[in-house]
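**Student:** any chance you could fold what I've pasted below:
(one chain, ligands or ions: 1)
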Amino acid sequence: MDSDNPVKRRRVQRSPSPPTYNLEEDDNSYVPYVPVAQRRQEKLAKLSSWGGAKNGVRDKQRQQEDEELEDEAKEEEKRREKARKERTLLMEAQDVHSRKAAEDAKKTEGQKAKEAEEEILEAIRSRKKLLSDLELAKGIQYTESLKTSWRPPKYIRDRTEQKHQQIREKHAIIVEGEDIPPPIEHFSDMKIPQSILDYLKSQRITAPTPIQLQGIPTAFSGRDLIGIAFTGSGKTLAFCLPLIMLALEEETKVPFVRGEGPVGVILCPSRELANQTYENVLTWTSALAKEGKYPPLNTLLCMGGISMSEQSHTMSKGLHIVVATPGRLIDMLEKKKFTFNNCKYLCMDEADRMIDLGFEDDVRNIMSFFKRQRQTLLFSATMPRKIQDFAQQSLIRPILVNVGRAGAANLDVLQVVEYVKQEAKMVYLLECLQKTPPPVIVFSENKNEVDDIQEYLLLKGVEAVAIHGSKTQEERQYAIKSFKSGGKDVMVASGVASKGLDFNEIQHVIIFSMPKEIEDYVHQIGRTGRSGKTGIATTFVNMNTPEQTLLDLKYLLMEAGQKVPPFLATVEDPRAAQGGSLKGCPVCGGLGHGISNCPKLEETQRRQMASHRPQDDGGY
Ligand SMILES: Nc1ncnc2c1ncn2[C@@H]1O[C@H](COP(=O)(O)OP(=O)(O)OP(=O)(O)O)[C@@H](O)[C@H]1O
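**Tutor:** So this is what the prediction gives:
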C-alpha cells in the first residue's frame, strides 16, 4: 500500500545523496535534512508505542501523517528548486571568472602595463590639493587672481591675440590657461625701473629669454604661474623680478617698519640654491636702490646652517623678501620671528622636487601661515605632466608657460655617453679632464665616491674641491666660493649641486656615475650650456647602469638630436616588443619607461615608507 503512495514514489525517485553544491555551509539558518522515510519510521514507532489505540483514532492519525508528509514533500521540492537556482548562479560566477582569466591571458603585457598605469595615476589624482591645512579644513577656495596695478604698454595691449600667439610661436613658448597676458619682447616695455635695466645690461642681459618674456608679464599681472623651461634659461630673474616690483610697490605706499613684512617668499629645496637666489636678489635690489631714487628693500636668507643672529640687522628693519629652505622657514614662523600676515607672493624654485619628493607636507605647513590670498608661482626645468596637473589644481586660474618639453635636455649641451668599466673610471676621468679647459664639474651619486674622486684628483695635482650633504656648511660654502671665483678648477659634487646652481661658464660636466632618475641627469648636464653658451657633458655608463636608465638616456639623446653611441643604440625597448605605449612616464618624464617601473615613483614610495624627511643634503 505504501508503495502506491504518490508521496513515497516521489521520494524514492529522489537522488539518494545530498547535493554536492552545498552553498549553505556558511548559512546560520541551515537545518539538516532528515529523509522523509526516516521521519515516517520515527512517527510510526511513536504511534505503536502508544498501544491499544482505537482504529478510528489510528485512521485519523494516519491521515494526519499523510498530510504532513505531503507538506514535507512540497518543502523538499522547494529546497531542490532553490539549490538548482543557486547552482546556476555559482556556475555563472565561475563562468565569469574563467572568462576573465581567459581575457587576462589574452591581454598583452602592454595592455596590462596600461591598466597598472591607470591605477597608479588614479592614486596620484586622488592626492589632496596643495592648499594649506587650514584652507583644506575650512574649505577656503579663492577664485580670483591677485589684483595688481601693472599693465602692459598700450601698444602691446592693442595687439591682437593672434599677434601674441605669433610671438610665442617664434620663441617656442607654449601657454595654457585663461586670459593669458601678452608676451613682451623687450625689458624696456615691462615697466621695470631704469636702474635695474642698467644693471641687467651691465651683465649682458639685454633681451628677455622666452621664459622671461612670457613669465614676467604673467607674474606682474598677479597671475598664478607654472613656469617650465630648460636649465640655464633665466628662470631666476623671471620669478625674482616680480617679487622685487611687488615689494617696491608696497614699500612705496607705506614704508615698512620693524616687525612688518615680508611681502613674498622664495622657497628653494637646497641651501646652495637658496644662497644663490638670495645673492641674486641682493644684487638686483642694490642696483634698484643705487641711485637713491627708490627705497632700499630688505631681504632675509632663512636656511639651515647659518646663524640667524648674523642677519639681525635685516631683522631689525621691515622685511620685504625672504629666500628660504622649508625646514628653517617653518622653524622661524613657528617661533614667530616674522609672520606671513601680509605675505602675498609664494614662489617655489625646482618646484617639482618641492611638491613631489617629501616636501609636500612642509609646503602645506608653510601655506598655513599665509593669512590672505597669495600669488603662487612654481618654476622648474623638469615638471612631468602629472606634477603639472596636480600643481594646477592647487593654483588659482593658473597659467602654464612651457618652453620646450618639460624635462628635455638643454640643446646647447653636447652630450657624450661613454662605456667605461667601473675599475677604469678614475683613470679615464683624468683623461676626460683634458677635453676642455676648466672649470669642470664632476658628479657622482655617492658621497663616499665624491670624496674618493676628490682625493684622487688632489693626488694627481688637480685643484679640486668637493661638495656633498655630509660636509659642514663652512666646507660647502668654501667649495662653492673657491670654485665660483676660479680659485679651483674642478668641483666634485653629489646631486645636491646639480639643481639650479649657476656657475660661471662651466666648460665640461662629467657624470662619473649616471643617476637613476633621468631628471637628475638633465639637471646635472644643465650646469653647462647656460645663458646661450655651449658646453660638453660626458657621462660614464657601464654594466652597473640599469637598462631602463640607459633607455631613458637613449631616448633623451635622440630627442635632442645627439649622437647615440652603438652600445646604447642596441638597448631595446621591451615595451615595443610587448606592444605597449611608448609614451614617456607621466611621473618623471623619462622617455624610456612607463609609470609602472618609474624609479622616481619607487623612490618616493620608499621615502614615504621610511617616512623620513627628504635628504636634501642639508637643506634644513
Ligand atoms: N635674459 C638673459 N640674457 C642673458 N643671460 C641671462 C638672461 N637671464 C638670465 N641670464 C643668465 O643666465 C644664467 C642662468 O640663469 P638661471 O640661473 O636663472 O637659470 P635657470 O633657468 O634657473 O636654470 P636652472 O634650471 O639650472 O636652475 C645666469 O647666469 C643669468 O645671469
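
**Student:** for Asn402, give the beta-bridge partners.
**Tutor:** Here Asn402 sits in beta bridges with Ile174, Ile228, as judged by DSSP bridges.

**Student:** got any ranges where the chain has weak pLDDT?
**Tutor:** Along the chain, segments meeting pLDDT under 70 span 1-61, 82-97, 99-101, 104-110, 112-114, 116-143, 356-358, 496-499, 576-582, 607-620.

**Student:** quick one: the strands in it?
**Tutor:** 173-176, 225-229, 264-267, 299-302, 321-324, 345-348, 375-380, 399-403, 413-419, 440-443, 464-467, 490-493, 508-511, 535-541 (DSSP state E).

**Student:** which bits of the stretch 51-200 of the chain sit near the ligand?
**Tutor:** Taking Cβ under 6 Å from any ligand atom, no part of the stretch 51-200 of the chain reaches the ligand. Every residue, glycine included, has its C-beta placed from N, CA and C.

**Student:** would you mind measuring from the closest residue to the ligand within the stretch 401-550 of the chain to Phe230?
**Tutor:** Of all residues in the stretch 401-550 of the chain, Ser531 sits closest to the ligand, with a separation of 3.2 Å (Cβ to the nearest ligand atom). Separation of Ser531 from Phe230 (Cβ to Cβ, to the nearest Å): 11 Å.

**Student:** what's the answer for Gly259, then?
**Tutor:** Taking Cβ to Cβ, one finds Gly259 at 41 Å from Phe230.

**Student:** of these two, who's got more company?
**Tutor:** Phe230 (26 against 12; other Cβ atoms under 10 Å).

**Student:** now do the same contact list for the more buried one.
**Tutor:** Applying Cβ atoms under 8 Å, 6 or more residues apart in numbering to Phe230 gives the contacts Ala381, Val403, Gly404, Ala408, Ala409, Asn410, Leu411, Gly526.

**Student:** likewise Ala247?
**Tutor:** Residues in contact with Ala247 (Cβ under 8 Å, 6+ apart) are Pro262, Val263, Gly264, Leu297, His320, Ile321.

**Student:** do the same with Val403
**Tutor:** His171, Ala172, Ile173, Ile174, Pro210, Ile211, Ile228, Ala229, Phe230, Ser233.

**Student:** isn't the fourth one right next to Arg405, touching?
**Tutor:** No: at 9.4 Å, Ile174 and Arg405 do not qualify as touching, with contact defined as Cβ atoms under 8 Å.

**Student:** kindly report the residues of the stretch 501-620 of the chain close to the ligand.
**Tutor:** Asp502, Gly526, Arg530, Ser531.

**Student:** tell me the buried residues within the contacts of Ala247.
**Tutor:** In terms of neighbour count (16 or more other Cβ atoms under 10 Å), the buried residues within the contacts of Ala247 are Pro262, Val263, Gly264, Leu297, His320, Ile321.

**Student:** any idea which of the residues you listed is closest to the ligand?
**Tutor:** Checking the buried ones among the contacts of Ala247 against the ligand with Cβ to the nearest ligand atom, the nearest one is Ile321 at 16.4 Å.

**Student:** how about the closest one: what's its closest non-neighbour residue?
**Tutor:** Leaving aside its chain neighbours, Ile321 sits nearest to Thr299 (4.3 Å; criterion: Cβ to Cβ, 6 or more residues apart in numbering).

**Student:** relative to the ligand, how far out is that neighbour?
**Tutor:** Distance, Thr299 to the ligand, by Cβ to the nearest ligand atom, to the nearest Å: 17 Å.

**Student:** who's in contact with that residue?
**Tutor:** Contacts of Thr299 by Cβ under 8 Å, 6+ apart are Tyr278, Val281, Leu282, Thr285, Thr314, His320, Ile321, Val322, Val323.

**Student:** what about it, distance to Met426?
**Tutor:** Distance from Thr299 to Met426, counting by Cβ to Cβ: 43 Å.

**Student:** equivalent analysis for Ser270, please.
**Tutor:** The spacing between Ser270 and Met426, counted by Cβ to Cβ, is 27 Å.

**Student:** the two: which is more packed in?
**Tutor:** When neighbours are counted by other Cβ under 10 Å, Ser270 and Met426 differ, and Ser270 comes out ahead with 27 against 16.

**Student:** how close does that one sit to Ser195?
**Tutor:** Plainly put, Ser270 is 31 Å away from Ser195 if you go by Cβ to Cβ.

**Student:** also Phe512?
**Tutor:** 44 Å.

**Student:** of the two, who's got more company?
**Tutor:** Each of Phe512 and Ser195 has its neighbours counted (other Cβ under 10 Å); Phe512 has more, 23 against 18.

**Student:** Leu243 contacts Gly261, doesn't it?
**Tutor:** No: judged on Cβ under 8 Å, Leu243 makes no contact with Gly261 at a distance of 11.8 Å.

**Student:** related to what we said a few turns ago, buried only: go through the contacts of Phe230 for me.
**Tutor:** Among the contacts of Phe230, those buried by neighbour count (16+ other Cβ under 10 Å) are Ala381, Val403, Gly404, Ala408, Ala409, Asn410, Gly526.

**Student:** if we ignore the residues flanking it in sequence, what's nearest Lys563?
**Tutor:** Leu557 (7.2 Å).

**Student:** Ile330 now?
**Tutor:** Per Cβ to Cβ, 6+ apart, closest to Ile330 is Asn365, 5.7 Å.

**Student:** repeat for Met332
**Tutor:** In space, and not counting its chain neighbours, Met332 is closest to Cys302: 5.6 Å by Cβ to Cβ, 6+ apart.

**Student:** which residues in the stretch 201-350 of the chain form helices?
**Tutor:** Along the stretch 201-350 of the chain, the segments classed as helices by DSSP state H, counting those that start in this stretch run 210-220, 235-253, 271-289, 312-315, 326-334.

**Student:** can you tell me the residue of the stretch 301-450 of the chain closest to the ligand?
**Tutor:** In the stretch 301-450 of the chain, the residue that lies nearest the ligand is Ala381 (3.9 Å; Cβ to the nearest ligand atom).

**Student:** surely that residue is in contact with Arg405?
**Tutor:** No: using Cβ under 8 Å, Ala381 is not in contact with Arg405, being 10.6 Å away.

**Student:** tally of neighbours for the residue nearest to Val571 when sequence neighbours are not counted?
**Tutor:** Once flanking residues are discounted, Val571 sits nearest to Leu550: 4.8 Å by Cβ to Cβ, 6+ apart. Using other Cβ under 10 Å, Leu550 has 18 neighbouring residues.
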